[in-house]
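1. Sequence and predicted structure are below.
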Amino acid sequence: MSTQRYSVSPHPIETLLTWVKSGEIAIPEIQRPFVWEATKVRNLLDSLYQGYPVGYLIAWRNPTVRLKDGTPSAGKRILIDGQQRVTALMAALLGREVLTEDYETVRIRIAFHPIEEKFEVANPAIRKDKSWIEDVSTIFAPEAKMLQVTRAYTKANPGVDEDAVFTTLERLRKIINNHVGIIELAEDLDIETVTEIFIRVNSAGARLDQADFAMSKIAANQAYEGNLLRKAIDYFCHCAKSPDHVARIAKGDKAFAASEFFPAMKWLKDVTDDIYDPSYTDMLRVAFASEFRRGKLQDLVALLSGRNFETKQYEEAIAEASFGRLKKGVLAFINKTHFDRFTMIVRSAGFVTADLIGAQNNLNFAYIIYLRGRDQGMRAADLEQLVRRWYAFAQLTRRYSKGNPETDIDYDVRQIDTQGLQKFCDASIAAQFNPNFWENLLPLELDTASSNSAFFLAYQAAQVKAGDKGFLSRDITVNDLLLNRSDVHHVYPKKHLKSQGRSRGEYNQIANFVLAQSEINIGIGDKPPEKYFGELVSQCDSGKKKHGGITSLSELKANLRAHCLPLSLLDGEVPDYHDFLAERRTLMAKKIRDWFEVL
């Protein structure tokens, strides 16, 4: 018995383009920026002209849903793989405009040289050269007559062989008769199976995931304005990173600008904060989890398809309701008040720059908590504290950066629904943040040479929250250093440790790092710790500044305590390097604990 879950059939490119124009096959990528370089479009046409294969396309027909009157309705085909190729063909052969990564609408013109039988991206020089046909789409226009085109070309290029030109142009025009193989997934496959197939498909070397599938599913929908919703998600994520594109979208996409989504997101034009720059995967996760109380994006695809999880059937009413709920979740996500207050809460915990943000899913779930708490009418002060504590907790436990984050998110969202938001969060934190975690596990986690360690990021946030000054700084704070420019200074200088035969993993331990002004770091240079700490004591005795601006011994001790450095460094008894690291890790863990307890 065959286990094949698909069929393969060849179709002429002309038929494929007709399907796209008629809506028989949905090309979600048309709703998104076209990312191919123009040279890649040129190469695609050349491959077709030479008769080379251009790869398979993969499509899946939406499941049949029951309409309100009980009759079945066959869905469109969704093009899962090959979206860029089909968009490229529509742009080059039909003269369609495409949306660039800068959200500008442009025409991609591919020129053709009938004598040399060569393709090239049109440029000013080619446009002036009459031996080139500057735009091949004119050859494929329905009203184009090859004999007239040939005569016009030979008139502009005296001496060329008219028959040869006619034959070449006919060959070019016939590339739309070339066949492309379409792999069509079996119509009776359930959503979970199609999602698994989708994940395993590689497109241009990039592994596809459920978010890509969900976005394709959203864009393919016309009945419930899925295409508009898809644009809202894409545009918001793009403008969060590049605020100047808000004006370009307003100018270049009038239909979207007139929708309810654009006024809700145009505030991004004035944004300079990059603490939370979500991708469309992040946005889908938050909008879906906060609104549907589920965490797996394959469930979103199923619901948007009308899946009834109890009957295993597909119903139009469920699809309609699901698009409505997703729209509500997206509008809540992009709401300026929600977004601003959430990022303000994250900053208030000490995470003042994007460099201090660890796994993105920690932010995503903290935003889910914020939206859920706001929807439930939690008091603002209680919600702020809950979001701060949960984000710090997720960072310190790497809750969504180990194993399968989607499964963990799904579990936590469901538990919140069962136990209640505050109760679940409090119980989860209490279960893991016990004395053993603070006194034993956390110091062990601080034994790392990764400056991107979640624990070092949390330690820096703790310093910001405490208002600590930079290492040996009298006035410049750690917050100032992070927001402007700082050096990571090795307490036991790197060159000093290398001269002792220490490895990179030893001298780059995060317990050997402090944040300092560049001039202080440069001034200390490679001096052994016993030398420059001795100079610091002398500086306090004499008042003559050598390293930083501190001239009071009490201020110096306070600065060392703020950086979790043992005061024994000032006594002329510099501990063994590994003993120093062990002692400092314990002090850093205590500082992180003190920070968490006041969040």
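-> That came through fine. Numbering: from 1, shown residues only.
2. When you work out contacts or count neighbours from here on, use the C-alpha atoms and nothing else.
-> Fine.
3. tell me what the biggest helix by length in the chain is packed against?
-> Identified as the longest helix of the chain according to DSSP state H is helix 577-597. With contacts taken as 3 or more Cα pairs under 8 Å, 6 or more residues apart in numbering; DSSP states H and E, helix 577-597 sits against helix 442-445, helix 454-466.
4. So for the longest one, mean pLDDT?
-> Looking back up the chat, that one is helix 454-466. Averaged over helix 454-466, pLDDT sits at 97.
5. likewise the shortest one?
-> What helix 442-445 shows for mean pLDDT is 96.
6. sorry, back to before: between the helices and strands packed on helix 577-597, which gets nearest to Ala359?
-> helix 454-466 (8.2 Å; Cα to Cα).
7. Tell me the helices and strands packed up against the closest one.
-> Checking 3+ Cα pairs under 8 Å, 6+ apart, helix 454-466 ends up next to helix 380-397, helix 478-483, helix 577-597.
8. Now with 10 Å, please.
-> Judged by 3 or more Cα pairs under 10 Å, 6 or more residues apart in numbering; DSSP states H and E, the packing partners of helix 454-466 are helix 336-348, helix 380-397, helix 442-445, helix 478-483, strand 513-516, helix 577-597.
9. Any chance of CSV for those, columns distance to Ile176 and mean neighbour count?
-> Converted to CSV, those look like this (distance: least, Cα to Cα, whole Å; neighbours: other Cα atoms under 10 Å):
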stretch, distance to Ile176, mean neighbour count
helix 336-348, 48, 17
helix 380-397, 54, 20
helix 442-445, 61, 18
helix 478-483, 56, 20
strand 513-516, 63, 23
helix 577-597, 65, 18
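10. Including distance to Ala122, could the ones you listed go into a markdown table?
-> Converted to a markdown table, these look like this (distance: least, Cα to Cα, whole Å):
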| stretch | distance to Ala122 |
| --- | --- |
| helix 336-348 | 43 |
| helix 380-397 | 51 |
| helix 442-445 | 57 |
| helix 478-483 | 46 |
| strand 513-516 | 53 |
| helix 577-597 | 60 |
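11. Out of the ones you listed, which is closest to Val86?
-> Using Cα to Cα, the helices and strands packed on helix 454-466 put helix 336-348 closest to Val86, at 36.6 Å.
12. from the chain's centre, how far out does that closest one sit?
-> 19 Å (Cα atoms, centre = their mean, to the nearest Å).
13. how far off helix 454-466 does that helix point, in degrees?
-> 100 degrees (axes from the mean of the first three to the mean of the last three Cα atoms, to 10 degrees).
14. And the next helix or strand past helix 336-348?
-> Sequence-wise, the next helix or strand downstream of helix 336-348 (DSSP states H and E) is helix 360-375.
15. Now do that next one: distance to the chain's middle.
-> 17 Å.
16. Put the alpha carbons of it into PDB.
-> Taking C-alpha atoms only, helix 360-375 is exported to PDB below (Å, rounded to 0.1, in the frame of the first residue of the first chain):
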ATOM      1  CA  GLN A 360      13.300  36.900  22.500                       C
ATOM      2  CA  ASN A 361      10.700  34.500  23.800                       C
ATOM      3  CA  ASN A 362      11.200  35.800  27.300                       C
ATOM      4  CA  LEU A 363      10.000  39.200  26.100                       C
ATOM      5  CA  ASN A 364       7.200  37.600  24.100                       C
ATOM      6  CA  PHE A 365       5.800  35.800  27.200                       C
ATOM      7  CA  ALA A 366       6.200  38.800  29.400                       C
ATOM      8  CA  TYR A 367       4.100  40.700  26.900                       C
ATOM      9  CA  ILE A 368       1.500  37.900  26.900                       C
ATOM     10  CA  ILE A 369       1.300  38.300  30.600                       C
ATOM     11  CA  TYR A 370       0.900  42.000  30.300                       C
ATOM     12  CA  LEU A 371      -1.900  41.700  27.800                       C
ATOM     13  CA  ARG A 372      -3.700  39.000  29.800                       C
ATOM     14  CA  GLY A 373      -3.400  41.000  33.000                       C
ATOM     15  CA  ARG A 374      -4.700  44.200  31.300                       C
ATOM     16  CA  ASP A 375      -7.600  42.300  29.800                       C
END
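17. quick one: contacts for Ser322?
-> 224, 288, 291-292, 300-307, 316, 328 (Cα atoms under 10 Å, 6 or more residues apart in numbering).
18. what's the distance between Leu169 and Val54?
-> The spacing between Leu169 and Val54, counted by Cα to Cα, to the nearest Å, is 21 Å.
19. Show me which of the two is the more surrounded one.
-> Neighbours were counted for Leu169 and for Val54 using other Cα atoms under 10 Å; Leu169 has more, 22 against 15.
20. so how far is the helix or strand where that one lies off the chain centroid?
-> If you go by DSSP H and E, Leu169 is part of helix 162-173. Here helix 162-173 is found 47 Å from its chain centre; the criterion is Cα atoms, centre = their mean.
21. Looking at it now, give me its mean pLDDT.
-> Rounded mean pLDDT across helix 162-173 is 94.
22. got it, and stretch 299-319?
-> Rounded mean pLDDT across stretch 299-319 is 89.
23. buried sites along that stretch?
-> 299-308, 314-316, 318-319 (16 or more other Cα atoms under 10 Å).
24. And stretch 10-21, by the same measure?
-> Taking 16+ other Cα under 10 Å as the criterion, stretch 10-21 shows Ile13, Leu16, Leu17, Val20 as buried.
25. and if you look at stretch 92-112?
-> 92-100, 102-105, 108-112.
26. need the helices for the stretch 151-300 of the chain, in chain order.
-> 162-173, 191-200, 210-219, 226-241, 245-252, 254-257, 261-265, 280-292, 297-304 (DSSP state H, counting those that start in this stretch).
27. List the buried residues for the helix holding Leu169?
-> Glu162, Val165, Phe166, Thr168, Leu169, Leu172, Arg173.
28. Would you mind giving these as CSV with distance to Asn452 added?
-> Shown next, in CSV, are these (distance: Cα to Cα, whole Å):
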residue, distance to Asn452
Glu162, 67
Val165, 62
Phe166, 64
Thr168, 59
Leu169, 58
Leu172, 55
Arg173, 56
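29. Can you spell out the domain ranges of the chain, please?
-> As assigned by automatic domain parsing, the chain contains the domains 110-177, 336-433, 454-597.
30. Which among the ones you listed is found nearest to Ile25?
-> domain 110-177 (17.3 Å).
31. Ala516 contacts Ser473, correct?
-> Yes - contact criterion Cα atoms under 10 Å: Ala516 and Ser473 qualify, at 7.5 Å.
32. who touches both of the two?
-> Gly548.
33. if we can go back for a sec, narrow the buried residues of stretch 92-112 to those in strands?
-> Among the buried residues of stretch 92-112, the ones falling in strands (DSSP state E) are Val98, Leu99, Thr105, Ile110, Ala111, Phe112.
34. Helix, strand or coil: sort out Ser450 for me.
-> coil (DSSP: H, G, I helix; E, B strand; the rest coil).
35. State the number of residues packed around the nearest residue to Val286 once chain neighbours are set aside.
-> Nearest non-adjacent residue to Val286, counting by Cα to Cα, 6 or more residues apart in numbering: Ile368, 5.5 Å away. Using other Cα under 10 Å, Ile368 has 24 other residues around it.
36. can you check Ala144 too?
-> Around Ala144 there are 12 residues (other Cα under 10 Å).
37. Could you verify that it is part of a strand?
-> No - membership of Ala144 in a strand is not supported by three-state DSSP, which gives coil.
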